[in-house]
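Enquirer: Sequence and predicted structure are below.
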Amino acid sequence: MKDEHLLERVVLDPKVMVGKPVIKGTRLTVDYILNLLAHGATTTEILEEYQGLTAEDVQACLLFATKSLGDTAFMPLAVECK
């Protein structure tokens, strides 16, 4: 599936979850899905828990995060020398 089609699954609406990016038609935020994945949940487990969600929705969350961070410059953390 092309990027633009996947990204259409993520919407921002100030009336839904305080404007956080959510999966279209749900109140599931992108950061919530990413947090589940970061803590070891599989896509299959997420889909079993949230009926109506699709694998493409989870993929869209990953793509949204990737695109959001694409132009971000990170500064190295200061290391304290003793």
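Expert: That came in fine, so what should we check first?
Enquirer: Straight-line length of stretch 10-23, end to end?
Expert: 5 Å (Cα to Cα, to the nearest Å).
Enquirer: pull the longest helix from this protein.
Expert: helix 55-69 (DSSP state H).
Enquirer: Just the residues contacting that helix, thanks.
Expert: With contacts defined as Cβ atoms under 8 Å, 6 or more residues apart in numbering, helix 55-69 is touched by 1, 3, 6-7, 9-10, 21, 23, 30, 33-34, 37, 43, 46-47. Any C-beta I mention is one placed from the backbone N, CA and C, and that applies to glycine too.
Enquirer: rerun at 7 Å
Expert: Residues external to helix 55-69 that are found in contact with it (Cβ atoms under 7 Å, 6 or more residues apart in numbering): 1, 3, 6-7, 9-10, 21, 23, 30, 33-34, 43, 46-47.
Enquirer: and these, which are buried?
Expert: 6, 9-10, 21, 23, 30, 33, 43, 46 (16 or more other Cβ atoms under 10 Å).
Enquirer: What residues does Asp31 make contact with?
Expert: Taking Cβ under 7 Å, 6+ apart as the test, what Asp31 contacts is Lys20.
Enquirer: circling back to that earlier point, for the buried ones among the contacts of helix 55-69, which one is nearest Asp71?
Expert: Pro21 (16.5 Å; Cβ to Cβ).
Enquirer: Wait, the closest one touches Ile33, no?
Expert: No: at 10.1 Å, Pro21 does not count as touching Ile33 under the criterion of Cβ atoms under 7 Å.
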